[in-house]
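1. Here is my input, please return the structure:
(one chain, ligands or ions: 1)
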Amino acid sequence: MALRAAESIWVGAQFNSRPDSPGSHARPGLIAVGRDSGPDRLFRKWQCRWALVPAQTSVTPVDDEKPLTPEAAKPVGATIHGPKEIVSKGFHRDLNFLPRPLSVTDDSSDDGTKVRVAYQGIPGAYSEAAALKAYPGSETVPCDQFEVAFKAVELWLVDKAVLPIENSVGGSIHRNYDLLLRHRLHIVGEIQLEVNHCLLALPGVRKEELKRVLSHPQALAQCEMTLSNLNITRVNADDTAGAAQIVAASGQRDTGAVASARAAEIYGLDIVAKNVQDDANNITRFLILAREPIIAGNNKPYRTSIVFTLEEGPGVLFKALAVFAMRGISLTKIESRPQRKRPMRVVDGSNNGSAKYFDYLFYIDFAASMAEPRAQRALGNLEAREFARFLRVLGSYPMDTIR
Ligand SMILES: O=C(O)C(=O)C[C@]1(C(=O)O)C=C[C@@H](O)C=C1
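-> Prediction:
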């Protein structure tokens, strides 16, 4: 029996199913196990595998089920491809009730209903457009804050969350980097959206009449030059569509909003100027988050996102990054964020007194899949050579290309 972990069993059996669905109970025979030693342990640690194991594991048997026989436990590989290929011997119930194994593309909910996707903002926000681009025909669920979207996934209120992480003009959305670490969701995909901002106002208003404009801070930053030229005061709002809604409700003719053409339609505003962003190529990259990771493949370009902290010493960041360069792996993004729980590090400079440094978390995206041995070795090296004090793989997922 493969992958019978002599070491610890560290992943539960409840993947891809709702807590109240019949398949969500831990079943004897099907459990996700991961080993914590061996050459590709990091990969296994992150990726987790399905294996069939006999009932005398720590899983509580469901009353009316027979324990799985060793014969039925044989086709370990079959569980990766789907429950239908599992030999049915030993089970009382329809095998379709079993939890689904992880899959590369996971775009339907377990019971065949529409995927529910959380986003921050209200209808007409760019994040809603990104959610629909990622999951056409899905049911989009507005959330008033980024953190609410994270919680909605964790609490099974939705299946996925689509959240902005960086913009080609405004840069990183730091709040979401921080939340990625604070919550235990997995990045299962990304989506890039061309953002074309419009200046919206009450019907009949000309853009010269506007004294004030409301929008999301990122959107205002993306239109910095245009708004300065028009000499308009900028006011922050929770999201672009929310700004449009406020303008529509306020009835103030001197107040406009920077938002999408769809927001103008929804909230009954006029578009007084189109494409008001400073850069014609204004692209926002969104992450797709889920409760379970996907199994990374290598049939298309993949990106992997990790976060780590470093040990002290000269050139440690250089050495950490070298583990990728030495294996020909390109880094596509590096972001550092202060460590909230340990913001300062005191380094004893002996005769010269001690110095205080800010302590950082490093978020790195690299262009390789965790299915590739070179990526597994790079991370193994990062951890084994002890450059990294803490390391977490946030996800390994197919890269999006502009469509
Ligand atoms: O306010 C919205 O419409 C959003 O979806 C948020 C957001 C962001 O947070 O960056 C998304 C895309 C644009 O870059 C501007 C704003």
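2. List of residues touching the top strand by length along the chain?
-> The residue-count maximum for a strand in the chain (DSSP state E) belongs to strand 388-398. Contacts to strand 388-398, defined as Cβ atoms under 8 Å, 6 or more residues apart in numbering, come from residues 42, 46-47, 104, 180-181, 186-190, 287-288, 293-294, 296-297, 300-311, 320, 363, 369-371, 375, 379, 382-383. From N, CA and C alone the C-beta is placed, and that goes for glycine too.
3. That one pairs with which strands, parallel or anti?
-> Using DSSP bridges, strand 388-398 pairs in its sheet with strand 302-310 (antiparallel).
4. burial count for Arg234?
-> By other Cβ atoms under 10 Å, 18 other residues sit near Arg234.
5. List the contacts of it.
-> By Cβ under 8 Å, 6+ apart, the contact list for Arg234 reads Arg212, Val213, Ser215, Leu220, Leu227.
6. about what we covered before: give the buried residues for the longest strand of the chain.
-> Ala388, Leu391, Arg392, Val393, Leu394, Gly395, Ser396, Tyr397, Pro398 (16 or more other Cβ atoms under 10 Å).
7. Quick check: mean pLDDT of it?
-> Mean pLDDT, strand 388-398: 92.
8. returning to that earlier point: show me which of the contacts of Arg234 neighbour the ligand.
-> Among the contacts of Arg234, not one lies near the ligand by Cβ under 6 Å from any ligand atom.
9. Would you show me how to pick out the buried ones of the residues you listed in PyMOL?
-> PyMOL command restricting these to the buried ones, with burial defined by 16+ other Cβ under 10 Å:
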select buried, resi 213+215+220+227
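10. which one in the contacts of Arg234 is the model shakiest on?
-> Of all the contacts of Arg234, Leu227 has the smallest pLDDT value, namely 93.
11. Same question for that one, what's its three-state structure.
-> State at Leu227, reduced to three classes by DSSP: H, G, I helix; E, B strand; the rest coil: helix.
12. Check the contacts of strand 388-398 for burial and list the buried ones.
-> By 16+ other Cβ under 10 Å, the contacts of strand 388-398 give 42, 46-47, 180-181, 186-190, 287-288, 293-294, 296, 302-310, 320, 363, 369-371, 375, 379, 382-383 as buried.
13. Now, these that are in strands?
-> Filtering these for strands - DSSP E - leaves 186-190, 287-288, 302-310, 363.
14. mind listing the helices for this protein?
-> Assigned helices in the chain, in chain order: 41-47, 78-81, 126-134, 146-154, 174-182, 217-222, 224-229, 240-250, 261-267, 316-325, 373-384 (criterion: DSSP state H).
15. I'd like to know the average pLDDT value across the fifth one.
-> Mean pLDDT, computed over helix 174-182, is 95.
16. Can you sort out which of the buried ones among the contacts of strand 388-398 also neighbour the ligand?
-> Within those, nothing lies near the ligand by Cβ under 6 Å from any ligand atom.
17. Any stretches of the chain with poor pLDDT?
-> Applying pLDDT under 70 to the chain picks out residues 1-112, 340-358, 386, 401-403.
18. Pull up the residues of it that are close to the ligand.
-> So the chain meets the ligand at 121, 125-127, 164, 167, 173, 195, 216, 218-219, 239-241, 284 (Cβ under 6 Å from any ligand atom).
19. Can you give me the buried ones in stretch 160-176?
-> The neighbour-count criterion (16+ other Cβ under 10 Å) identifies 160-170, 172-173, 176 as the buried residues of stretch 160-176.
20. Identify the farthest-apart pair in those residues.
-> The span of the buried residues of stretch 160-176, defined through Cβ to Cβ, is set by Lys160 and Val169 at 26.2 Å.
21. list the contacts for the nearest residue to Ile191 once chain neighbours are set aside?
-> The shortest distance from Ile191 to any non-neighbouring residue, by Cβ to Cβ, 6 or more residues apart in numbering, is to Ala134 (4.4 Å). Neighbouring residues of Ala134 by Cβ under 8 Å, 6+ apart: Val117, Lys160, Val162, Gly189, Ile191, Phe286, Ile288.
22. try Ser138
-> Contact analysis of Ser138 by Cβ under 8 Å, 6+ apart lists Lys114, Val115, Arg116, Val117, Ala131, Leu132.
23. Closest one to the ligand out of the residues you listed, please.
-> Nearest to the ligand out of these is Ala131 (Cβ to the nearest ligand atom; 9.5 Å).
24. if we can go back for a sec, so can I have TSV of the contacts of Arg234 showing distance to Ala264?
-> TSV is the format used below for the contacts of Arg234 (distance: Cβ to Cβ, whole Å):
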residue	distance to Ala264
Arg212	17
Val213	14
Ser215	13
Leu220	17
Leu227	17
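25. Looking at the contacts of Arg234, which is nearest the ligand?
-> Ser215 (7.3 Å).
26. Tell me what that closest one is bridged to.
-> With DSSP bridges as the rule, Ser215 is bridged to Asn236.
27. which of the contacts of Ser138 tops the neighbour count?
-> Ala131 (33 neighbours).
28. Looks like that one contacts Lys114 (just checking).
-> No: shown here, Ala131 and Lys114 do not form a contact pair, counting by Cβ atoms under 8 Å, at 11.9 Å.
29. Against Leu210, how distant is Ala219?
-> According to Cβ to Cβ, to the nearest Å, Ala219 and Leu210 sit 15 Å apart.
30. Look at those two and report which has more neighbours.
-> Between Ala219 and Leu210, counted using other Cβ under 10 Å, Ala219 has the larger neighbour count: 30 against 26.
31. list the contacts for the more buried one?
-> By Cβ under 8 Å, 6+ apart, the contact set of Ala219 is Val195, His197, Thr240, Val258, Ala259.
32. at 10 Å what do you get?
-> Going by Cβ atoms under 10 Å, 6 or more residues apart in numbering, Ala219 touches 125-126, 167, 170, 195, 197, 213, 234, 236-237, 239-240, 243, 257-260, 276-277, 282, 284.
33. Would you mind listing which of these are buried?
-> Neighbour-count burial (16+ other Cβ under 10 Å) applied to these gives 125-126, 167, 170, 195, 197, 213, 234, 237, 239-240, 243, 257-260, 276-277, 282, 284.
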